[in-house]
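J.: 3D, please:
(one chain, ligands or ions: 1)
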Amino acid sequence: MIYSERFYHGVRVNLQREETTPISALIVGAGQGIGLAFVRQLLQTDRCDRLYATYRNPQSELLTIADARLRCLPLDLTVEDQIAATMQAIQTETSKLHLVINCVGILHQDSLQPEKSLRQIQSEQLMHYFRVNSIGAVLLAKHIQPLLKHRDRAIFATISAKVGSIGDNHLGGWYGYRASKAALNMLIRTTALEYKRTCPQTIVITLHPGTTDTQLSRPFQRNVPPEKLFTVDRTVQQLLSVLSQLQESDSGEFFSWDGNRLPW
Ligand SMILES: NC(=O)c1ccc[n+]([C@@H]2O[C@H](COP(=O)([O-])OP(=O)(O)OC[C@H]3O[C@@H](n4cnc5c(N)ncnc54)[C@H](OP(=O)(O)O)[C@@H]3O)[C@@H](O)[C@H]2O)c1
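T.: From the prediction side, this is the model:
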């Protein structure tokens, strides 16, 4: 599945439901970066009549967006009780979500830096990558099920990374980030298989956004040619285009920003 340039213009939020039928969406990890750009672009369309967005930092720009359709909820994805409580809070207002995009991820944070060699491997650091990048997503998949058990078409997408592809790893380094994204891919692929029974209308996928200009990639952008460094707006347009073209048979797959399937 390859998408041509024409899909990149404008925001398309086509879940192949009636174009006029409103949808309810949830963006997890919307405090900055790609998640925040998803919120802004979804609010520019009239397809979304309810948008839930989670954040950690109360100083986030997200909380300055004034739109009656938006409800912001605090959530640390490493704390299962918070995930359960957030899903329950959403359930008090709606019984259905049609679009869920998990944008949570870390590559560096304070003293945590991606490992260049085995000498830098530390078990606590590896655990932290897994807690944030892998385990949070599958806990979300566990607790969100009641909101995806309905008869409308729905999408549950998680942002992964191409460097999590085992088959595509020709460079090495970044042990924790790579391994936690590879684990994420397996956890979400397995979720897709279970959801075929429990939430059969939900397409479950992982996405590679392409190198995008956010605080996550900023220290590592030096060797990225300008045409390969996307703005968050471009990334979100491209990913929404991929989502708009998904078929039921795509569930469980790992897609790049251009609609190509990536190797595991
Ligand atoms: N940018 C790229 O080039 C690139 C390339 C490939 C893949 N990705 C992936 O794309 C996704 C989005 O990244 P981004 O570039 O937008 O980076 P970002 O701007 O750093 O955004 C990451 C988001 O994850 C949230 N987060 C981190 N730890 C969390 C936790 N424990 N609980 C809840 N939220 C948490 C952050 O919240 P706070 O704002 O509170 O920190 C932030 O909203 C990530 O999964 C990343 O791995 C990015």
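
J.: use CA for all of it now, contacts and neighbours both
T.: Will do.

J.: I'd say Asp250 and Thr202 touch.
T.: No: counting by C-alpha atoms under 8 Å, Thr202 is not a contact partner of Asp250; they are 10.6 Å apart.

J.: so between these two, which is more surrounded?
T.: Taking neighbours as other C-alpha atoms under 10 Å, Asp250 and Thr202 compare with Thr202 leading, 26 against 16.

J.: so where do the strands sit in this structure?
T.: 23-28, 48-55, 70-74, 99-102, 154-159, 202-208, 254-256 (DSSP state E).

J.: among these, which is nearest the ligand?
T.: Among the strands of the chain, strand 154-159 comes nearest to the ligand, with 4.9 Å by C-alpha to the nearest ligand atom.

J.: end to end, how far does stretch 138-155 reach?
T.: One end of stretch 138-155 to the other measures 15 Å (C-alpha to C-alpha, to the nearest Å).

J.: mind starting the numbering at 55 from now?
T.: Let's use 55 as the start, then, which means that last one is stretch 192-209.

J.: any idea how far that stretch is from the chain center?
T.: Distance, stretch centre to chain centre, for stretch 192-209: 14 Å (C-alpha atoms, centre = their mean, to the nearest Å).

J.: related to what we said a few turns ago, could you dump the strands of the chain into JSON lines and include distance to the ligand and mean pLDDT?
T.: Formatted as JSON lines, the strands of the chain follow (distance: least, C-alpha to the nearest ligand atom, whole Å; pLDDT from 0 to 100):
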{"stretch": "strand 77-82", "distance to the ligand": "7", "mean pLDDT": "98"}
{"stretch": "strand 102-109", "distance to the ligand": "6", "mean pLDDT": "97"}
{"stretch": "strand 124-128", "distance to the ligand": "8", "mean pLDDT": "98"}
{"stretch": "strand 153-156", "distance to the ligand": "8", "mean pLDDT": "98"}
{"stretch": "strand 208-213", "distance to the ligand": "5", "mean pLDDT": "98"}
{"stretch": "strand 256-262", "distance to the ligand": "6", "mean pLDDT": "98"}
{"stretch": "strand 308-310", "distance to the ligand": "10", "mean pLDDT": "98"}
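
J.: in a markdown table: the ones you listed, plus distance to Thr268.
T.: Below are those laid out as a markdown table (distance: least, C-alpha to C-alpha, whole Å):
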| stretch | distance to Thr268 |
| --- | --- |
| strand 77-82 | 16 |
| strand 102-109 | 16 |
| strand 124-128 | 21 |
| strand 153-156 | 16 |
| strand 208-213 | 14 |
| strand 256-262 | 14 |
| strand 308-310 | 18 |
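
J.: for the protein, longest helix please?
T.: helix 229-252 (DSSP state H).

J.: okay, that helix in CSV with CA atoms only?
T.: This file holds the C-alpha atoms of helix 229-252, laid out as CSV (Å, rounded to 0.1, in the frame of the first residue of the first chain):
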residue,chain,number,x,y,z
TYR,A,229,19.7,-0.7,22.5
GLY,A,230,16.9,0.3,24.9
TYR,A,231,14.9,2.4,22.5
ARG,A,232,15.2,-0.1,19.6
ALA,A,233,14.3,-3.1,21.9
SER,A,234,11.4,-1.3,23.6
LYS,A,235,9.9,-0.4,20.2
ALA,A,236,10.4,-4.0,18.9
ALA,A,237,8.6,-5.2,22.1
LEU,A,238,5.9,-2.6,21.5
ASN,A,239,5.4,-4.0,17.9
MET,A,240,5.0,-7.5,19.3
LEU,A,241,2.6,-6.4,22.1
ILE,A,242,0.5,-4.5,19.6
ARG,A,243,0.5,-7.3,17.0
THR,A,244,-0.6,-9.7,19.7
THR,A,245,-3.3,-7.2,20.8
ALA,A,246,-4.5,-7.1,17.2
LEU,A,247,-5.0,-10.8,17.2
GLU,A,248,-7.0,-10.8,20.4
TYR,A,249,-9.0,-7.7,19.4
LYS,A,250,-10.2,-9.7,16.3
ARG,A,251,-12.3,-11.7,18.8
THR,A,252,-13.0,-9.0,21.4
